[in-house]
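Peer 1: What follows is a predicted protein model with its sequence.
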2 protein chains.
Amino acid sequence: MIRLAIAEDHQSLIDGIELLLKYEENISIIGTANDGEKLIDIVRLKQPHVVLTDIRMPKIDGIAATKIIKKEFPHIKVIAFTMFEQTDAIEQMINAGASGYILKNSSLEEVLNAINVVSKGETYFGKNVNVNAINKESSTKKKGKLTKRQIEILALVAQGKTSREIAEQLFIGVQTVDTHRKNMIRILGLHGKGELLRYALEKKYNF
Amino acid sequence: MIRLAIAEDHQSLIDGIELLLKYEENISIIGTANDGEKLIDIVRLKQPHVVLTDIRMPKIDGIAATKIIKKEFPHIKVIAFTMFEQTDAIEQMINAGASGYILKNSSLEEVLNAINVVSKGETYFGKNVNVNAINKESSTKKKGKLTKRQIEILALVAQGKTSREIAEQLFIGVQTVDTHRKNMIRILGLHGKGELLRYALEKKYNF
DNA sequence: CAAAATATACCTATTATTGGGTATTTTTTT
DNA sequence: AAAAAAATACCCAATAATAGGTATATTTTG
């Protein structure tokens, strides 16, 4: 009997999976959550064998939640169930310790299949999930690693704040903020006026 | 017997709804689609009583699809089933002729309920869907109406193009593009450097 | 057809961001 | 403790975008 926990902010989808698994003899749903915080609570309390989780969720996102779960309970298998097919998202999820990755435009049958496969200790990746591209990319070039401070500033850039406003908020000089911006632009390989804002907004939206 | 068509780009969710409705005596699913184009095909061929549709879909989005359906078959009831809770999206869907609007974080029970209600000619709006705010807002102030040319330019702004690049692409002067930008900023009530790009990117993302 | 709306274009000025540097202090890692 | 990384700050120059105007041709609407 596989003990399963589900985290997904769309209750309708949870309902659908529950309906499907009601008649599955070897899987029991031991808890469901609409956000990452609740998921971690459930995992700590009931320790499932497999966790099926969305990436974009309130409070704690799926990537962060997976990291926490894998740190505390390395034996628990995590499957990402999301609409993001960007290599960036897949990579982060794998690095967080996920054993599987399936897209929401897959069938429920595939979801069921993935749960069974990862519970045996294997990995499962959906058809549209190109895992090969990931390893090559992340092993050769390790671009895009920002520091804490840079991410902090990037978040404020995403909020539409100017360098001056960011400087005031963080109690640092405007030119320091500008230096951080320049460094981020270099690290991320961007060029042009609105590009950092663009990047910041996209990141924000993506997870 | 209510004849239902479903359009939703996440197959898993369609599967879930199908499971739920399999045991419903008074509803039969006459077709499902993963994009707006397919939905319209199904509607033309099989003329359902009720259409349950997502907003963000490939090819033709839910708003455009609803307009087409309501124009050709005014008696067909459309329910929006989406994750967008912005008044903007709700407003556009209502204007397109939708009879209901429910969020994806609702339960499948609520979906079932909505289908039954709208099939009787009534309207159904989920708890988190604030319909009252819409009417007031759209009747009093009619802000944010951009012209074709402005939308064209805004789309290029969203692509990260500079005024100069936009001017070259559209065979007009740079200063003309700047004028359009200024007018859009005024009409949309924006202020500050990156705000138009911000707005453009958000719009792009939202539907 | 006349009026209104839209698209076009120019002017001046200000400001934020970018791009090129350099440099010091603090923190983290080895 | 020494080396590396990160955070801080400054300089100068170039450019894109915003903000305030005005103005004319074109298209759409009443």
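Peer 2: Nice, thanks for sending it over. Everything quoted here is computed from the prediction, not taken from an experiment. Residues are numbered from 1 along each chain as shown, chains lettered A, B, ... in the order given.
Peer 1: CA atoms for contacts and neighbours, from now on please.
Peer 2: Noted.
Peer 1: Need the phi and psi values for A:F125.
Peer 2: When read as degrees, to the nearest 10, the backbone of A:F125 gives phi -130, psi 130.
Peer 1: The longest helix along chain A: what's the following helix or strand?
Peer 2: Across chain A, the longest stretch assigned as helix under DSSP state H is helix A:174-188. Per DSSP states H and E, the first helix or strand lying C-terminal to helix A:174-188 is helix A:195-206.
Peer 1: That next one packs against which elements?
Peer 2: helix A:148-158, helix B:195-206 (3 or more Cα pairs under 8 Å, 6 or more residues apart in numbering or on different chains; DSSP states H and E).
Peer 1: can you tell me the average pLDDT over the first one?
Peer 2: Okay, so that is helix A:148-158. Averaged over helix A:148-158, pLDDT sits at 88.
Peer 1: export it as PDB, just CAs?
Peer 2: Output of helix A:148-158 as PDB, limited to C-alpha atoms (Å, rounded to 0.1, in the frame of the first residue of the first chain):
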ATOM      1  CA  LYS A 148      21.100  36.500  -1.600                       C
ATOM      2  CA  ARG A 149      21.500  40.200  -1.800                       C
ATOM      3  CA  GLN A 150      21.200  40.200  -5.500                       C
ATOM      4  CA  ILE A 151      18.000  38.200  -5.300                       C
ATOM      5  CA  GLU A 152      16.700  40.500  -2.700                       C
ATOM      6  CA  ILE A 153      17.300  43.500  -5.000                       C
ATOM      7  CA  LEU A 154      15.900  41.600  -8.000                       C
ATOM      8  CA  ALA A 155      12.700  41.100  -6.100                       C
ATOM      9  CA  LEU A 156      12.400  44.800  -5.500                       C
ATOM     10  CA  VAL A 157      13.100  45.500  -9.100                       C
ATOM     11  CA  ALA A 158      10.200  43.200 -10.000                       C
END
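Peer 1: Say whether chain B is contacted by it.
Peer 2: No. Residues of helix A:148-158 are not located near chain B by Cα under 8 Å from any Cα of the partner chain, the shortest gap being 8.6 Å.
Peer 1: Hey, what's the angle from that helix to helix A:174-188? Just curious.
Peer 2: 100 degrees (axes from the mean of the first three to the mean of the last three Cα atoms, to 10 degrees).
Peer 1: Which strands and helices lie in contact with the longest helix of chain A?
Peer 2: helix A:148-158, helix A:163-170.
Peer 1: Indicate which one of the helices and strands packed on helix A:195-206 is closest to A:G121.
Peer 2: helix A:148-158 (34.1 Å; Cα to Cα).
Peer 1: Save the helices and strands packed on helix A:195-206 as TSV, and put in distance to DNA strand D and mean neighbour count too.
Peer 2: TSV is the format used below for those (distance: least, Cα to the nearest atom of the strand, whole Å; neighbours: other Cα atoms under 10 Å in any protein chain shown):
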stretch	distance to DNA strand D	mean neighbour count
helix A:148-158	4	18
helix B:195-206	5	17
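Peer 1: For stretch A:42-61, list every residue counted as buried.
Peer 2: A:42-43, A:47-57, A:60-61 (16 or more other Cα atoms under 10 Å in any protein chain shown).
Peer 1: who touches it?
Peer 2: For stretch A:42-61, the surrounding residues in contact (Cα atoms under 8 Å, 6 or more residues apart in numbering or on different chains) are A:2-9, A:30-37, A:62-63, A:69, A:75-82, A:115, A:118-119, A:206-207.
Peer 1: Fine, thanks again, bye for now.
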